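[1] Structure here, sequence nowhere to be found:
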């Protein structure tokens, strides 16, 4: 198996882990110690996601990611990658996160470059340690709203400020979005949309909504409520939703962590009011980015099975799937 087949570029070796000097500063060391001891799994998942993006730097350019991740998560993910490489694994740790990130990046760029998407608002629900406002040039005409818990947004702002004041220019954050507004809100509370509007969100303006790595942490009722609120915007303005969904078998990997699932999100979203819905699976033509060429890769094997099959016929393992959904709607379209 070539390196390219299991997610490694052919032309260069995997970079060794070198922790940035800024992570050893008193302020960031104390901040990340508090994150590890005080945050719940949902909040800490933001740092794990950042670690994955930082360590897949061959395909994701995110200078802030390693600062958002912190030493513990960087080392943890790196050791998993190192072990997978030694074992010549068909799926290197973090490849699904790398593909997911690149899929959201590409679909966001396409939505904003469309004839009716220029200057659209972008809302990241459960934004976590996302750094798109600092790394995607397609946001240059967009106001970006990051919605998350107050402590997550505060920690993020503290890290960005530390990076801006550091001597290492590599980490200096450069805002590429037109503007960035952070909105402290809890998606399980009914007032998050009101807080968003108070912060400057314009309901009548074209909007791209990004729900990356968040829906399955919510209860079924909370997840459906969030999706309904977004779907209602299709009656007001051009609306694009980019979201990932776990099927039921995927959530069984950690039933105490993951709650909401949907085996057929491409049927759910039209029922809520979206008129154009496209589903992709990891490994599909628009969701592999040259990282999943091996036909025996787990994700490629799953793609060959009907989505209704819950258990893999070869080994009896659960067919856990991650679906990537692009949905849209507007006042001049009727729900199909």
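    Received, thanks. Please read these numbers as outputs of a predicted model, since none were measured by experiment.
[2] What's the local residue count around residue 40?
    Applying other Cβ atoms under 10 Å, we find 10 residues neighbouring residue 40. Yep, even glycine has a C-beta here, placed from its N, CA and C like the rest.
[3] what do you get for residue 165?
    10.
[4] Return the distance of residue 168 relative to residue 24.
    Distance of residue 168 to residue 24, given as Cβ to Cβ, to the nearest Å: 12 Å.
[5] okay, and the common contacts of those two?
    Residues within reach of residue 168 and of residue 24 at once, by Cβ atoms under 8 Å, 6 or more residues apart in numbering: there are none.
[6] So for residue 300, what's the nearest residue that isn't a sequence neighbour?
    Of all residues not flanking residue 300 in the chain, residue 283 sits nearest, at 4.8 Å (Cβ to Cβ, 6 or more residues apart in numbering).
[7] meant to ask about residue 131, not that
    residue 64 (4.5 Å).
[8] That neighbour and residue 232, how far apart?
    Computed as Cβ to Cβ, the residue 64 to residue 232 distance reads 33 Å.
[9] pretty sure residue 29 is in a strand, no?
    No. Counting by DSSP: H, G, I helix; E, B strand; the rest coil, residue 29 is not found in a strand; it is helix.
[10] What count of nearby residues applies to the residue nearest to it when sequence neighbours are not counted?
    In this structure, residue 29 finds its nearest non-sequential neighbour in residue 23, 7.0 Å apart by Cβ to Cβ, 6+ apart. Close neighbours of residue 23, defined as other Cβ under 10 Å, add up to 19.
[11] same thing with residue 219?
    11.
[12] looking at this structure, which helix or strand does the model trust least?
    None of the helices or strands of the chain scores lower by mean pLDDT, DSSP states H and E than helix 298-303, at a mean of 91.
[13] So which residues make contact with that helix?
    With Cβ under 8 Å, 6+ apart as the test, helix 298-303 has contacts from 90-91, 96, 281-284, 292, 294-295, 312, 314, 319, 321.
[14] got it, and stretch 309-322?
    96, 100, 244-250, 252-253, 281-282, 301-302, 305, 307.
[15] top helix in this structure by residue count?
    helix 95-113 (DSSP state H).
[16] List the strands paired with the helix or strand following that helix, with their directions.
    Downstream of helix 95-113, the first helix or strand assigned by DSSP states H and E is strand 121-125. The pairing partners recorded for strand 121-125 under DSSP bridges are strand 143-148 (parallel), strand 207-211 (parallel).
[17] Tabulate those in TSV, adding columns for mean pLDDT, mean neighbour count and distance to residue 177.
    Listed next are the strands paired with strand 121-125 as TSV, based on pLDDT from 0 to 100; neighbours: other Cβ atoms under 10 Å; distance: least, Cβ to Cβ, whole Å:
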stretch	mean pLDDT	mean neighbour count	distance to residue 177
strand 143-148	98	24	5
strand 207-211	98	24	12
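[18] how near is the nearest residue to residue 259 once chain neighbours are set aside to residue 250?
    Nearest non-adjacent residue to residue 259, counting by Cβ to Cβ, 6+ apart: residue 219, 5.2 Å away. Separation of residue 219 from residue 250 (Cβ to Cβ): 16 Å.
[19] For the stretch 151-300 of the chain, just list every one of the helices.
    Listed in chain order, the helices of the stretch 151-300 of the chain (DSSP state H, counting those that start in this stretch) span 192-198, 220-232, 248-251, 265-272, 298-303.
[20] what do you get for the stretch 1-150 of the chain?
    For the stretch 1-150 of the chain, the helices defined by DSSP H, counting those that start in this stretch occupy 26-38, 41-55, 65-69, 71-86, 95-113, 132-135, 150-164.
[21] what about residue 176, neighbour count?
    17.
[22] While we're on it, how confident is the model there?
    Note for residue 176: predicted pLDDT of 96.
[23] OK, contacts around it?
    Counted by Cβ under 8 Å, 6+ apart, residue 176 has contacts 133-137, 139-140.
[24] Let me see the backbone angles for the residue nearest to residue 300.
    Backbone geometry at residue 283, expressed as degrees, to the nearest 10, gives phi 110, psi -10.
[25] The chain should start at 48 in everything you say after this.
    Okay, residue one is now 48; in that scheme the one you just asked about reads as residue 330.
[26] so it touches residue 338, yeah?
    No. Under the criterion of Cβ atoms under 8 Å, residue 330 is not in contact with residue 338, lying 9.1 Å apart.
[27] so where's this structure shaky on pLDDT?
    For the chain, the stretches with pLDDT under 70 are 48-59, 162-164, 381-383.
[28] what's the domain layout of it?
    50-55+63-133, 142-376 (automatic domain parsing).
[29] Of the contacts of stretch 356-369, keep whichever come out buried.
    Buried by 16 or more other Cβ atoms under 10 Å: 143, 147, 291-294, 296-297, 328-329, 348-349, 354, out of those.
[30] Switch those residues over to JSON lines; also include distance to residue 153.
    Output for these, formatted as JSON lines (distance: Cβ to Cβ, whole Å):
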{"residue": "143", "distance to residue 153": "16"}
{"residue": "147", "distance to residue 153": "11"}
{"residue": "291", "distance to residue 153": "14"}
{"residue": "292", "distance to residue 153": "18"}
{"residue": "293", "distance to residue 153": "21"}
{"residue": "294", "distance to residue 153": "23"}
{"residue": "296", "distance to residue 153": "27"}
{"residue": "297", "distance to residue 153": "23"}
{"residue": "328", "distance to residue 153": "15"}
{"residue": "329", "distance to residue 153": "14"}
{"residue": "348", "distance to residue 153": "24"}
{"residue": "349", "distance to residue 153": "21"}
{"residue": "354", "distance to residue 153": "23"}
